[in-house]
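Asks: The amino acid sequence is not available; the structure is as follows:
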């Protein structure tokens with residue numbers, strides 16, 4: 001009898017312990033998933049998040065490092081000009097140890113021919129470097145022993161658990177939640193067609209290019225950086241992958257930085273590692289100090305294109321890489337390139353300030369949904385006549401207020417006279433509607449937000465179907481001046 005009672009008690013304790021363990025595991029998983037939802041808008045985790053969507057064994061070159069990489073290596077241009085399937089696995093102030101664990105993570109899903117590490121992180125001397133920046137680089141990494149090691153070696157150990165759950169970065173992020181936090185197909189830097197490149201269009205004008213000296217003494221980097229450079233070299237050797245170190249150009253380089261890079265150059269030579277210092281070839285790349293820098297730390301899109309052209313030549317000269325253009329297996333890179341070009345066209349459209357030129361650009365574009373809204377007073381506006389080339393009909397023959405929906409430059413919908421709910425379309429990421437209120441006012445709505453509530457005679461909304469997002473919204477009155 002006593003034995004049976006003892007066994008039941010033991011069974012109860014074991015069962016209770018198992019339930020507690022399961023509860024803890026479930027709670028941790030919920031918090032990690034919640035963390036993923038809340039942090040989905042940060043650059044480092046977007047890059048990692050997009051990496052997991054890649055087809056297995058489809059990446060030939062992976063670039064690791066800080067924002068210098070995602071702002072400076074235009075992988076769309078590498079594809080367009082060389083057929084190189086590259087990916088920027090980069091994040092804000094990514095340390096060399098974060099880069100190393102990203103390399104480990106890469107090898108679970110990809111078999112790259114080349115790994116390229118930007119060395120801006122070699123400047124870091126601290127044992128731990130900013131909890132927020134660390135979390136931005138590790139929070140989207142899938143839960144595994146590799147992630148645990150990454151976090152453990154990146155933050156003080158008393159912060160380990162909270163950083164593993166991403167809590168310090170995400171506890172207030174619920175205030176900024178949007179549809180993209182929950183959906184996997186968002187066309188942002190980590191989306192299906194975006195391979196980690198995040199161009200900047202800011203321009204800071206400088207008078208001269210930074211001067212790189214070759215007569216400086218070397219500076220030995222911090223021990224932790226040396227340890228992880230050695231880990232990178234060993235990892236590449238073990239997996240028979242070519243390794244390269246590079247320095248993406250930046251205007252704010254100083255002598256101490258150059259001394260560290262001198263040490264890294266010699267280390268690379270001694271260990272059979274390729275080395276490219278972009279700051280040493282600025283004139284050869286055609287850099288213009290007044291055009292090519294976003295600010296002291298980053299290239300803008302213009303500078304990134306110049307550096308990437310030079311990088312592509314250097315890669316093809318020193319590495320055995322395959323041109324995958326035309327191969328269906330690498331179709332996502334071509335789609336990425338198409339999306340990248342479409343974004344550039346959207347930017348050009350949004351910068352156009354001349355009405356006639358703007359309407360001309362719309363007639364040349366493809367993959368757009370164009371909605372033209374005409375308010376009550378539009379018939380008194382002489383510039384409305386310019387719309388005829390776009391809409392294919394005399395706009396003055398329409399009702400007192402009207403809307404026209406165009407797709408592929410063909411009229412998809414034109415409002416009737418009745419003040420009724422008119423036209424609606426749902427895309428993967430947006431709800432788009434056109435309606436007329438009983439007061440007669442036209443409304444264009446995207447995701448329940450009215451886009452023409454400023455009472456101008458004419459409003460034109462351009463929706464990019466390829467990117468699934470609004471490309472531009474402009475208005476004009478009887479003066480013909482475009483208003484945004």
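Replies: That came through, no problem. Given the structure is predicted, the values throughout are model-derived calculations rather than measurements. Numbers count the residues shown, from 1 in each chain.
Asks: Could you chop the protein up by domain?
Replies: Under the assignment automatic domain parsing, the domains of the chain span 41-129+183-344, 355-476.
Asks: Format these as TSV; extra columns: mean pLDDT, mean neighbour count and distance to residue 142.
Replies: C-beta here means a position set from N, CA and C on the backbone, and glycine is covered the same way. Listed next are those as TSV, based on pLDDT from 0 to 100; neighbours: other Cβ atoms under 10 Å; distance: least, Cβ to Cβ, whole Å:
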stretch	mean pLDDT	mean neighbour count	distance to residue 142
domain 41-129+183-344	93	19	7
domain 355-476	87	17	24
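Asks: Leaving out chain neighbours, which residue sits closest to residue 196?
Replies: Spatial nearest neighbour of residue 196, excluding adjacent residues (Cβ to Cβ, 6 or more residues apart in numbering): residue 88 at 3.0 Å.
Asks: Check whether the one you found sits in a helix, strand or coil.
Replies: Three-state call for residue 88 (DSSP: H, G, I helix; E, B strand; the rest coil): strand.
Asks: That one contacts residue 194, correct?
Replies: No: counting by Cβ atoms under 8 Å, residue 88 sits too far from residue 194 to count as a contact (9.5 Å).
Asks: can you redo the domains of the chain as JSON lines with distance to residue 164?
Replies: Shown next, in JSON lines, are these (distance: least, Cβ to Cβ, whole Å):
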{"stretch": "domain 41-129+183-344", "distance to residue 164": "13"}
{"stretch": "domain 355-476", "distance to residue 164": "31"}
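Asks: Check the gap between residue 245 and residue 161 for me.
Replies: Plainly put, residue 245 is 34 Å away from residue 161 if you go by Cβ to Cβ, to the nearest Å.
Asks: Give me the three-state assignment for residue 68.
Replies: helix.
Asks: residues contacting it?
Replies: 90, 118, 120, 248, 250, 297, 298, 299 (Cβ atoms under 8 Å, 6 or more residues apart in numbering).
Asks: give me phi/psi at the nearest residue to it once chain neighbours are set aside?
Replies: Distances taken as Cβ to Cβ, 6+ apart place residue 248 nearest to residue 68, at 4.2 Å, with adjacent residues excluded. Main-chain torsions, residue 248, degrees, to the nearest 10: phi -70, psi 130.
Asks: The one 3 residues further on now?
Replies: Note on residue 251: its backbone torsions stand at phi -70, psi -30 [degrees, to the nearest 10].
Asks: What residues does it make contact with?
Replies: Residue 251 neighbours (Cβ under 8 Å, 6+ apart): 204, 206, 209, 210, 289, 293, 295, 296, 297.
Asks: Regarding the fourth one, what is its secondary structure?
Replies: When the structure is reduced to helix, strand and coil (three-state DSSP), residue 210 reads as coil.
Asks: Which secondary structure element is home to the nearest residue to it once chain neighbours are set aside?
Replies: Distances taken as Cβ to Cβ, 6+ apart put residue 253 closest to residue 210, at 5.1 Å, once the chain neighbours are dropped. In the assignment (DSSP states H and E), residue 253 maps to no helix and no strand.
Asks: is it true that residue 253 touches residue 212?
Replies: Yes: the pair residue 253 and residue 212 qualifies as a contact (Cβ under 8 Å) at a distance of 7.2 Å.
Asks: which residues do these two both contact?
Replies: Contacts common to residue 253 and residue 212, judged by Cβ under 8 Å, 6+ apart, are residue 279.
Asks: what about the residue nearest to residue 210, distance to residue 119?
Replies: 11 Å.
Asks: do the same with residue 219
Replies: 13 Å.
Asks: How about residue 283?
Replies: Relative to residue 119, and taking Cβ to Cβ, residue 283 is found at 21 Å.
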